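In: pasting the sequence and the predicted coordinates here, then a few questions.
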2 protein chains.
Amino acid sequence: MPHIELPEGLFGIRAAMAYRPETAKPLNEIVEVLLRGPHSLSPGERELIATYVSHLNDCYYCQTIHGAIAAASLNDDEELVKRVKADFQHAEISDKLKALLVIAAKVQKGGKHVTGDDVAAARSVGATDLEIHDTVLIAAAFCMYNRYVDGLATVQPEDEAMYRERGKRVAREGYVAVSKTYLPVEAGVS
Amino acid sequence: MPHIELPEGLFGIRAAMAYRPETAKPLNEIVEVLLRGPHSLSPGERELIATYVSHLNDCYYCQTIHGAIAAASLNDDEELVKRVKADFQHAEISDKLKALLVIAAKVQKGGKHVTGDDVAAARSVGATDLEIHDTVLIAAAFCMYNRYVDGLATVQPEDEAMYRERGKRVAREGYVAVSKTYLPVEAGVS
């Protein structure tokens, strides 16, 4: 049961966002820019970073929904998402994404854990400054979202089909568009 | 030296925000709503929560600038800010704020650390659902900002006068207004 009275019938962060639409708007805009906006990393790669950090933070809702969005963005390759969570160094992803996941895992522990060597290693396999910046901010942002979702003890059903269906929809339409289906109209999400 | 090439002459999160104005806009809107918007907790009380979490995350820039904004919002009481960081249970703040700081400290460790007893204790000294929600989200958000600032190894000068002066200005004008002084015009911060 959630720690505070949240709107019924909504799960995970959606319940918290519907409770406080004033903060839901910028919270949705951050993931829209970082995970879906134009980028040299594909949406699927960026969702894998979000999924991996949510896995490290042990947030069931976030790792499951972002894992589903990642899979939907990567030709429905659910096995790849599982392999990244379990052991990304041996998953079939680029060396660049592996180096960025190393940085993301450091950020999850705390910003000061990221070293110049981590960044140099990412650069040596082709990572740009923007990719490094966005990896740090994606990892940091999911340290927020994960704490928000679990800190309020939101309801997080174990229903793979639900996450799969919602993941496909977010992958197709984006965060801000989908947020209009559960946020009050007056939230003015645009 | 920062891990990536950031605009010179800007410190802490401002350098990172100027580098990536697309994410700076929603990042500023979150603190504007959570720390400065209309609320039953004063701006000074909310800044104390932000300062305390930044202190727990050992982020020099964030704890110093938000400590300065807190002091500027609390009749320039810099001693109170120091006492809250060192031992808030014996600081001259309300029992309600103490109970909310207990929740904030749990969120800093991880969302699942917050217990029903923590929330019941906050309610028993008058905390509302919105205050509990916003405490969780402020604490979670500073787990993001702190990681963003330190994960990029931003420049963080040790210059108390600078933070004091900037703290007064943010307390007077707000985050979004002040962000216009260092973000590119085209960022469209509004």
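Out: Received the coordinates, thanks. Quick caveat: nothing in here was measured; it's all calculated off a predicted structure.
In: what's the first-to-last distance across stretch A:68-77?
Out: End-to-end distance of stretch A:68-77: 9 Å, with Cα to Cα, to the nearest Å as the criterion.
In: run the chain-centre distance for it.
Out: Taking Cα atoms, centre = their mean, to the nearest Å, one finds stretch A:68-77 lying 13 Å from the centre of the chain it belongs to.
In: buried residues in the lengthiest helix in chain A?
Out: Scanning chain A for the helix with the most residues, using DSSP state H, yields helix A:129-151. Going by neighbour count (16 or more other Cβ atoms under 10 Å in any protein chain shown), the buried part of helix A:129-151 is A:129, A:131-151. (Glycine included, C-beta is placed from N, CA and C.)
In: what's the answer for stretch A:156-169, then?
Out: For stretch A:156-169, burial by neighbour count (16+ other Cβ under 10 Å) applies to A:Gln156, A:Tyr163, A:Arg164, A:Arg166, A:Gly167, A:Lys168, A:Arg169.
In: average pLDDT across stretch A:85-101?
Out: Per-residue pLDDT values over stretch A:85-101 give a mean of 98.
In: contacts for it?
Out: A:41, A:45, A:48-49, A:51-52, A:55, A:63, A:67, A:80, A:83-84, A:118, A:121-122, A:124-127, A:131-132, A:135 (Cβ atoms under 8 Å, 6 or more residues apart in numbering or on different chains).
In: quick one: secondary structure of A:Ala68?
Out: Look at A:Ala68: counting by DSSP: H, G, I helix; E, B strand; the rest coil, its state is helix.
In: hmm, back to that, so which of the contacts of stretch A:85-101 would count as near chain B as well?
Out: Filtering these for neighbours of chain B using Cβ under 8 Å from any Cβ of the partner chain leaves A:Ile132.
In: now, the contacts of stretch A:85-101 that are in helices?
Out: If you go by DSSP H, those have A:45, A:48-49, A:51-52, A:55, A:63, A:67, A:80, A:83-84, A:118, A:121-122, A:124, A:131-132, A:135 in helices.
In: returning to that earlier point: of the buried residues of stretch A:156-169, which belong to helices?
Out: Secondary structure from DSSP H places A:Tyr163, A:Arg164, A:Arg166, A:Gly167, A:Lys168, A:Arg169 of the buried residues of stretch A:156-169 in helices.
In: closest to chain B out of these?
Out: Ranked by distance to chain B (Cβ to the nearest Cβ), these are led by A:Tyr163 at 18.8 Å.
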